[in-house]
Structures are given as structure tokens and as C-alpha cells.
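Student: no sequence on this one, just coordinates:
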């Protein structure tokens, strides 16, 4: 391995290390946010349970309604507490990673469809230009052919019939009769 290859490898590792550090910082920030969100959700769930208990005491909710309400708020509390654990953070990071991957797939699909649109638009324009050029060429050829036939007919009228080497059917008979 040459010194230059070693230097390039070291630079690549240094750039990769910086990116890995940035990813680690982002992951730690996400973990902190998820834990804070989990604490807030757990607090909302606990507050909801207290509200359900008080509402039952004042007769705003009957016992069955209070049980359903308290069960729902306890589920919210449990979800919040789960989010505060490292397993909850890992799940949140996996969901975030999956969402990011899905967004990348969607973005790539949009890029591919846009590139296809541009390519087909370019091909469509090229086909239209080629068709216009072909029509111009055909029209030009037809104009030249028409002009040539007109010139021939004009010249053929001026030349007497007996001087022409090509005679049309029936002209010999007219020539014998003396009609030109």
C-alpha cells in the first residue's frame, strides 16, 4: 500500500468517523426527546386516571364508565412509561428508521418517475421534430418532382412530335395522317 493510498484511507475513515459521530448525536437527541415525550404521556395518563376517579366520586361517571375511562388512561400511562425505557426508545428509533427508509423509497420513486417523464418528454419532442423534418423533406421532394414534370411537359410541347425519340401510343397514327 502506497503512502497516497494510506492517506486516502485515513481521510475516508476520518470523514466516516465524523458522520458516525453525527449519527450518534442525532440518535442520542432522539432518545432524549422520546424519553421526555414518554414522561409527558405517562403524566397525562396518570392525570386522566385521577380525573376519572374524581368524576366517579362526584357522580359525573357511573362505576362502569369510570372503569372504562380509567382503563384507557392507564393504557396511556403504561405507553408513556414504556417510552421512557431503553426498549421503548429502541422501538421509537426503529419506527423512525423505517419511516425514513419509506420516505427514501418514495423520494426515489418520485425521482424515477420524474426522470422517466423528462426522458419521454424529450423522446416525444424528438419524434415530433423528426416527423416535421421528414414531412418537410417529403414535401420538398414532391415540389421538385412536380417542377420537373412541369418543365418536361413545357419542353415536350415545344419539340415537334417527329423529333422526339419517345412517342406515345397513338402518336404514330396521328403523324401518318399529318397531324402534329
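Tutor: Thanks, I have the structure now. Nothing here was measured: the structure is a model prediction, and the numbers come from that model.

Student: Next one: the residue sitting nearest the centre point of the chain from residue 117, what distance?
Tutor: The centroid of the chain falls nearest to residue 110 when counting by Cα atoms, centre = their mean (1.6 Å). Distance of residue 110 to residue 117, given as Cβ to Cβ, to the nearest Å: 10 Å. Just so you know, the C-beta spots here come from the backbone N, C-alpha and C atoms, and that holds for glycine as well.

Student: again with residue 124
Tutor: From residue 124 to residue 117 the distance is 10 Å (Cβ to Cβ).

Student: same question, residue 71
Tutor: Distance of residue 71 to residue 117, computed by Cβ to Cβ: 53 Å.

Student: try residue 28
Tutor: Here residue 28 is placed at a distance of 41 Å from residue 117 (Cβ to Cβ).

Student: again with residue 41
Tutor: From residue 41 over to residue 117 (counting by Cβ to Cβ), the distance is 44 Å.

Student: So those two - more neighbours on which side?
Tutor: Neighbours per residue (other Cβ atoms under 10 Å) separate residue 41 from residue 117, with residue 41 holding more: 19 against 10.

Student: ok, that one - contacts?
Tutor: 76, 77, 79, 80, 83 (Cβ atoms under 8 Å, 6 or more residues apart in numbering).

Student: Which ones among the residues you listed map onto helices?
Tutor: Members of these lying in helices (criterion: DSSP state H): 76, 77, 79, 80, 83.

Student: Any quick ChimeraX command for the buried ones out of those?
Tutor: Here is the ChimeraX selection string for the buried members of those, based on 16 or more other Cβ atoms under 10 Å:
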select :76,77,80,83
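
Student: Residue 134: which of the ones in helices among the contacts of residue 41 is nearest?
Tutor: residue 83 (67.9 Å; Cβ to Cβ).
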